[in-house]
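Student: Test case, fold it:
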Amino acid sequence: MKPSNLRALVAREAARLLYYRLATEYKFAKLKAARELGVSVLPSNREVADELDALASLLEGESRIKRLVQMRREALALMETISEFNPKLIGSVWRGTVRIGSDIDIIVYSRSPSAVIEKLKRTGYRVVHVESKVKAGKELEGKKVYVHIYVELKSGNRAEIVVRSPEDQDVKEICDIYGDVIEGLTIDELRRVLAEDPTRRFIPQR
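Tutor: Got it, this is the predicted structure:
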C-alpha cells in the first residue's frame, strides 16, 4: 500500500481515538493508531484534524452546528463578564470545529489570577477547579507558569480560562495542528461573527 494511503488509514484511526476520548493528545493518538495498524507511517496533525472534523460531522449532524452557535454565545457572555481582562476566544469554538465534549477556551491577561476568579464567582459563574501548568517557552525565555481556571456553565458546557501576563498580549503563537498563527477572537470580533456569520470557520486552506 502507498505511504499516502497508509497515512490516511492512521489519520482515520487516530481521529477515532480522539473522538471517543481514547486518546487526548494528537501525538499519542497517532502513535497508538500506527501501532494498532502495524505500520510506522505517521500522518500530520492537520491530516488527523481533518479526519476528526469529518467524523464529528458524520456522527453529530445538524446538532454540531447548533452546538457551535450556542457555545459561541456562551463564550461571548463569559467574555463580556470578564472584559477588563482583555479576553480572547481560541480553540475549537473559535475555529468552528466543536464536537461533543468540547470546551470553551479563553485567554485572559492579568497579573492577578485571583481577581479573575473573584469576578467569575461574584457574577454567578461556577469555578470547579484551578491549577497551574508549566508551558515551555523559547530558549531565552524559559518556562512560564499559567493559571488555568475551569468553569462549569449552566448549560452543562465547560470553559477553560488561561490567565497570562499582560506582557504576553502581543505574543503570537503558532498552532501545532493547523500551522497558522492563533489569532482568536476578541469580544467585538466574536460579537460581529455572531451577528453576521455565526457558523463561520477559521481554518487555513491546505
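Student: got a list of what residue 203 touches?
Tutor: Contact analysis of residue 203 by CB atoms under 8 Å, 6 or more residues apart in numbering lists 95-97, 178. The C-beta positions use only the backbone N, C-alpha and C, and glycine is treated the same way.
Student: please redo it, this time with the cut-off set to 7 Å
Tutor: Applying CB atoms under 7 Å, 6 or more residues apart in numbering to residue 203 gives the contacts 95, 178.
Student: how about the strands of this protein, start to end?
Tutor: 88-90, 104-109, 126-136, 143-152, 158-164 (DSSP state E).
Student: With mean neighbour count, mean pLDDT and distance to residue 38 as added columns, please give those strands in JSON lines.
Tutor: As requested, the strands of the chain are arranged in JSON lines below (neighbours: other CB atoms under 10 Å; pLDDT from 0 to 100; distance: least, CB to CB, whole Å):
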{"stretch": "strand 88-90", "mean neighbour count": "23", "mean pLDDT": "99", "distance to residue 38": "36"}
{"stretch": "strand 104-109", "mean neighbour count": "22", "mean pLDDT": "99", "distance to residue 38": "35"}
{"stretch": "strand 126-136", "mean neighbour count": "11", "mean pLDDT": "91", "distance to residue 38": "33"}
{"stretch": "strand 143-152", "mean neighbour count": "15", "mean pLDDT": "93", "distance to residue 38": "37"}
{"stretch": "strand 158-164", "mean neighbour count": "21", "mean pLDDT": "98", "distance to residue 38": "36"}
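Student: Any chance of a markdown table for those strands, columns distance to residue 45?
Tutor: Listed next are the strands of the chain as a markdown table, based on distance: least, CB to CB, whole Å:
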| stretch | distance to residue 45 |
| --- | --- |
| strand 88-90 | 16 |
| strand 104-109 | 17 |
| strand 126-136 | 18 |
| strand 143-152 | 22 |
| strand 158-164 | 20 |
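Student: Let me know which of the ones you listed is the nearest to residue 40.
Tutor: If you check each of the strands of the chain against residue 40 by CB to CB, strand 126-136 wins as the nearest, at 27.3 Å.
Student: Now do the closest one against strand 143-152, angle only.
Tutor: 160 degrees (axes from the mean of the first three to the mean of the last three CA atoms, to 10 degrees).
Student: Thanks a lot, catch you later.
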